[in-house]
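Undergrad: Have a look at this fold, sequence not included:
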């Protein structure tokens with residue numbers, strides 16, 4: 001898709017519960033990103049529209065699969081968007097999960113300064129607003145057990161949600177969770193020096209997955225930001241200063257972490273997550289990078305088998321593979 005088509009679609013998306021006709025560009029978006037599961041048979045339906053959250057207009061997607069056993073809220077990471085999560089969406093639908101996903105503020109088709117945020121509480125508010133507006137039976141989501149899976153910054157959003165909102169989930173899976181990024185002292189120093197006179201710095205695309213096709217696609221993705229927002233870094237600094245590393249009271253989670261992750265300070269983060277979610281189980285993947293949602297198939301097969309077993313322990317039984 002072209003940037004012009006994406007801008008047009010962003011303007012044309014109706015409110016999530018509107019009776020307006022589906023914009024034709026929605027299907028083109030789904031085909032372009034390989035999330036056109038509704039066009040592949042098997043009775044899957046897809047709906048897309050907007051939900052308002054504070055100053056933001058969020059692009060929300062919902063897939064329903066016949067005879068579902070659970071509902072999944074999927075949370076993407078920094079620089080990501082819904083279109084990049086086709087591997088996990090497809091797996092979840094085949095496993096019998098309805099899927100709800102939205103583009104975070106400043107990402108994908110949602111409004112906001114690209115890849116920026118004023119405060120991390122805006123992420124948790126977005127989660128809460130989307131669940132209330134699109135995740136209830138009266139709004140078309142079946143009354144089934146809920147679980148949530150996040151990637152990186154999506155995990156930070158989940159943690160912020162756990163701090164300030166009524167916990168809505170029977171289980172949670174954190175993929176390469178962000179608490180503190182790699183080289184954090186240098187990041188803080190750079191932000192202190194540059195934050196007063198510029199808004200962003202050029203983004204450096206890294207090899208954060210062993211899936212070469214994904215790495216090539218991401219560099220050409222028209223929805224990618226090519227700058228890192230210093231406002232986002234400032235919000236992260238404030239969030240970390242206010243984050244007490246104590247039990248959030250929502251129970252343990254499953255954490256999946258690659259040991260070749262150069263994006264987050266995973267050694268520090270795993271200890272922090274254990275304090276926030278006592279009793280958490282950690283699955284380490286030798287050789288895996290940061291972008292676990294788009295890692296090579298062998299890595300995904302391994303951790304998704306662990307996710308299936310973890311969900312069963314939580315009373316959520318997925319369809320047999």
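TA: Yes, it's here. If you're wondering where the values come from, they're calculated on a predicted model, not measured in any experiment. Numbering: from 1, shown residues only.

Undergrad: and the longest helix that the chain contains, what other elements does it pack with?
TA: The longest helix of the chain (DSSP state H) is helix 297-313. Counting contacts by 3 or more Cβ pairs under 8 Å, 6 or more residues apart in numbering; DSSP states H and E, helix 297-313 is packed against helix 86-94, strand 171-175, strand 254-258, strand 281-285. Placement of C-beta: from N, CA and C, glycine included.

Undergrad: just the ones you listed: most buried one?
TA: Comparing the helices and strands packed on helix 297-313 by mean neighbour count (mean count of other Cβ atoms under 10 Å), strand 171-175 ranks first with a mean of 27.

Undergrad: Packing partners of it?
TA: Contacts defined by 3+ Cβ pairs under 8 Å, 6+ apart place strand 171-175 against strand 146-151, helix 153-164, strand 254-258, helix 297-313.

Undergrad: continuing past that strand, what's the next helix or strand?
TA: Next in sequence after strand 171-175, counting helices and strands by DSSP states H and E, comes helix 184-194.

Undergrad: Need the residues that contact that following helix.
TA: 181, 201, 230, 233, 234, 237, 265, 268 (Cβ atoms under 8 Å, 6 or more residues apart in numbering).

Undergrad: Can you tell me which member of these has the lowest pLDDT score?
TA: Ranked by pLDDT, the contacts of helix 184-194 bottom out at residue 201 (91).

Undergrad: Looks like that one contacts residue 231 (just checking).
TA: No: under the criterion of Cβ atoms under 8 Å, residue 201 makes no contact with residue 231, lying 11.5 Å away.

Undergrad: out of these two, which sits in the busier spot?
TA: Legend: neighbour count by other Cβ atoms under 10 Å for residue 201 and residue 231, higher for residue 231 (19 against 15).

Undergrad: can I assume the more buried one sits in a helix?
TA: Yes: under DSSP: H, G, I helix; E, B strand; the rest coil, residue 231 sits within a helix.

Undergrad: Excluding sequence neighbours, find me the nearest residue to it.
TA: In space, and not counting its chain neighbours, residue 231 is closest to residue 116: 4.7 Å by Cβ to Cβ, 6 or more residues apart in numbering.

Undergrad: Burial check on that neighbour, number of neighbours?
TA: 21.

Undergrad: how near is it to residue 232?
TA: Taking Cβ to Cβ, to the nearest Å as the measure, residue 116 falls 5 Å from residue 232.

Undergrad: what sits in contact with each of the two?
TA: residue 106.

Undergrad: just to revisit the earlier point, farthest-separated two in the contacts of helix 184-194?
TA: Pairwise distances across the contacts of helix 184-194 peak at 23.0 Å for 201 and 268 (criterion: Cβ to Cβ).

Undergrad: my guess is residue 252 contacts residue 279, does it?
TA: Yes: Residue 252 lies in contact with residue 279 (Cβ under 8 Å); the separation is 3.6 Å.

Undergrad: These two: which is more packed in?
TA: Neighbour tally, residue 252 and residue 279, criterion other Cβ under 10 Å: the higher count belongs to residue 252, 17 against 9.

Undergrad: In contact with the more buried one, which residues are there?
TA: By Cβ under 8 Å, 6+ apart, the contact set of residue 252 is 277, 278, 279, 280, 281.

Undergrad: which one of those sits closest to residue 306?
TA: residue 281 (8.4 Å).

Undergrad: quick one: the closest one and residue 307 touch, right?
TA: No: in this structure residue 281 lies outside contact range of residue 307 using Cβ under 8 Å: 11.0 Å.

Undergrad: Which residue, other than its chain neighbours, is closest to residue 9?
TA: Taking Cβ to Cβ, 6+ apart, and ignoring the residues beside it in sequence, residue 9 has residue 25 as its nearest neighbour in space, at 4.1 Å.
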